[in-house]
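Student: Sharing a model that was predicted from the sequence below.
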Amino acid sequence: MTAGTLIAWRKRPGDRVARGDIIAEVETEKGLIDVEVFVSGVLERILIEPGATVPTGTVLASIREDAPAAAVPGPAVAVPVASAPVPAAAVPAPARPEAPGPGRRARVSPLARKLAATLGIDPTTLRGTGAGGAITREDVERAAAGRRPGAVPAAAAPPPARPRMDVVRMRQAIAAAMARSKREIPHYYVAHTIDLHRALAWLADENTRRPVTERLLYGLLLIKAVALALREVPELNGVWRGDRFEPSAVVHVGVAVALRGGGLIAPALHDVDGRPLGALMGAFRDLVQRARGGGLRSSELSDATITVTSLGEQGVESVLGIVYPPQVAIVGFGRIVERPWVVDGAIGPRPVVTATLSADHRVSDGHRGGLFLAAVDRLLQSPERL
Amino acid sequence: MAEELRAAVLRALGDIAPEADLASLRQDLAFRDQLDLDSMDMLNFVVALHDALGVDIPEADYPKLATLDACVEYLASRR
């Protein structure tokens, strides 16, 4: 990310803010994200107005901290291709019909957002007719049709908006990260096939006992097993900075989520190793929903310590990931397949999955990587202990 | 009643995939493929039906929810 566009402030000067509060929304190539503050105090001054696109690291606001009376810069954000900053430092946000006020977000489907960017329409000026007032592709198309010359007087046409997130930008961001990874990280790869019949039988049984809102997904067992296995091979959990590895004391698992309109994003599921499955499932559902609908937190886009990608029920048998820098490992799970399997000298059908590890050879070796996948296997054989 | 159930199913799908063009959804084909839904979407779909209709759908019955028509039939049998 190199720049971001400020969409709206959620707090006003004079408001109290506490560590973890969301103070602003910023559009990046990764979609709409919520900017959190990392200090507590009083929002003193807003330095960037809605509509402005600014480079990464730009101070957005100053906050007077509670204890020491020092102005602390608000957190910064980022995206790729920076369009020219909107002139006029203190121009208030243009009045937008149906624009979201503080605390309310316009729900725009990724497809609608993409189309709107292509057509030069600001989706937040539209009235959504989708579920819960979401702005759909049809709404954008209707707006575009209404703007066609001849259809309405030119004066009534909304001014074309600068394009925001689109698939091109997302591809540029993926390209930058993956090219850097291939350039800088000497990858090694190991793979291991895991018998899942115990895990799946336990899960099916467990889910018959859980109310529908608390049911667990198979993918969560994989994520939890990875997090616990990292305790045994901690050199896969952390980041590479400068010329050395910084291990992480916490396990924040980046979960690769495919977006229906194209592209993908891997926001962090926090503190996976220490939380029970039920609590994690709630967090997991919430995270995926926000990844697809907008509203990820800035920390979730920046603090993963390892990534897991799972192809679920569809797709191919194995996936060899590319490490997402500055992380040092990515774990891949292919599709579950039924295969002949030997147990106690007899062959029987078993559901199996191929787990792979792509990791940074500067930090770990294939031997340790192999031990890690063996630990994931062992943990999945005792699903009740996950 | 069938129309009421159909509307509830479409609302649930619309919440999960707001970008989907539900008007062009083929009622007799698996919507999971048509809308590119994954296991998380299916879970949210079942939760939405539970909230809207009070029907608790066991996991083992998920295959009976493949198409719009099948959903309506299944839900009618469970109410």
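Tutor: Thanks, I have the structure now.

Student: State the helix or strand in which the residue in chain B that chain A sits nearest to lies.
Tutor: Residue nearest to chain A within chain B (CB to the nearest CB): B:Glu19, separated by 3.2 Å. Quick note: C-beta positions are derived from backbone N, CA and C, even for glycine. Assigned by DSSP states H and E, B:Glu19 belongs to neither a helix nor a strand.

Student: Give me the neighbour count for it.
Tutor: 23 (other CB atoms under 10 Å in any protein chain shown).

Student: Could you pick out the residues of chain B near chain A for me?
Tutor: For chain B, the residues in contact with chain A (CB under 8 Å from any CB of the partner chain) are B:11, B:14-15, B:17-19, B:21, B:36, B:38-40, B:43-44, B:46-47, B:50, B:56-60.

Student: Return the distance of the residue most central in space within chain B relative to B:Ala2.
Tutor: Chain B has B:Val9 as the residue nearest its centroid, 4.5 Å off, counting by CA atoms, centre = their mean. Distance, B:Val9 to B:Ala2, using CB to CB, to the nearest Å: 10 Å.

Student: A:Ala225 now?
Tutor: A:Ala225 is 44 Å from B:Ala2, by CB to CB.

Student: More neighbours: which of these two?
Tutor: Taking other CB under 10 Å, A:Ala225 and B:Ala2 do not tie; A:Ala225 has more neighbours (27 against 11).

Student: and the more buried one, what helix or strand is that in?
Tutor: Element membership for A:Ala225 (DSSP H and E) is helix A:218-229.

Student: How about B:Tyr74?
Tutor: helix B:68-78.

Student: Output the one helix or strand in chain B whose mean pLDDT sits lowest as CSV - backbone C-alpha positions only.
Tutor: Lowest on mean pLDDT, DSSP states H and E among the helices and strands of chain B sits helix B:31-35, with a mean of 85. Once non-C-alpha atoms are left out, helix B:31-35 reads as follows in CSV (Å, rounded to 0.1, in the frame of the first residue of the first chain):
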residue,chain,number,x,y,z
PHE,B,31,-27.5,-21.8,-6.3
ARG,B,32,-24.2,-22.5,-4.6
ASP,B,33,-22.5,-22.8,-7.9
GLN,B,34,-24.5,-20.0,-9.5
LEU,B,35,-23.6,-17.5,-6.7
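
Student: burial of residue 13, as a residue count?
Tutor: Looking at chain A here, since you left the chain open. For A:Pro13, the number of neighbouring residues by other CB under 10 Å comes to 12.

Student: sorry, should have said chain B
Tutor: For B:Leu13, the count of nearby residues is 25 (other CB under 10 Å).

Student: Contact partners for the residue nearest to it when sequence neighbours are not counted?
Tutor: Nearest residue to B:Leu13, sequence neighbours excluded (CB to CB, 6 or more residues apart in numbering or on different chains): B:Leu22, at 6.2 Å. Contact partners of B:Leu22, counting by CB atoms under 8 Å, 6 or more residues apart in numbering or on different chains, are B:Leu10, B:Leu13, B:Gly14.

Student: From A:Pro267, how far off is B:Leu22?
Tutor: To A:Pro267, B:Leu22 is 27 Å away according to CB to CB.

Student: next one: B:Val55
Tutor: According to CB to CB, B:Val55 stands 32 Å off from A:Pro267.

Student: Which one of these two is surrounded by more residues?
Tutor: Remark: of B:Val55 and A:Pro267, A:Pro267 carries more neighbours, 26 against 18, as counted by other CB under 10 Å.

Student: A:Glu300 is in contact with that one, correct?
Tutor: Yes - here A:Pro267 reaches A:Glu300: they are 4.2 Å apart, a contact under CB atoms under 8 Å.

Student: how many other residues sit next to the residue nearest to A:Leu277 when sequence neighbours are not counted?
Tutor: Once flanking residues are discounted, A:Leu277 sits nearest to A:Leu216: 5.7 Å by CB to CB, 6+ apart. Neighbour count of A:Leu216, defined by other CB under 10 Å: 21.

Student: cool, B:Ser24 as well?
Tutor: Using other CB under 10 Å, B:Ser24 has 7 other residues around it.

Student: And the pLDDT for it?
Tutor: At B:Ser24, the model reports a pLDDT of 84.

Student: A:His270 and B:Ala12: what is the separation?
Tutor: 29 Å.

Student: quick one: contacts for B:Leu65?
Tutor: By CB under 8 Å, 6+ apart, the residues touching B:Leu65 are B:Phe45, B:Val46, B:Ile57, B:Cys71, B:Tyr74.
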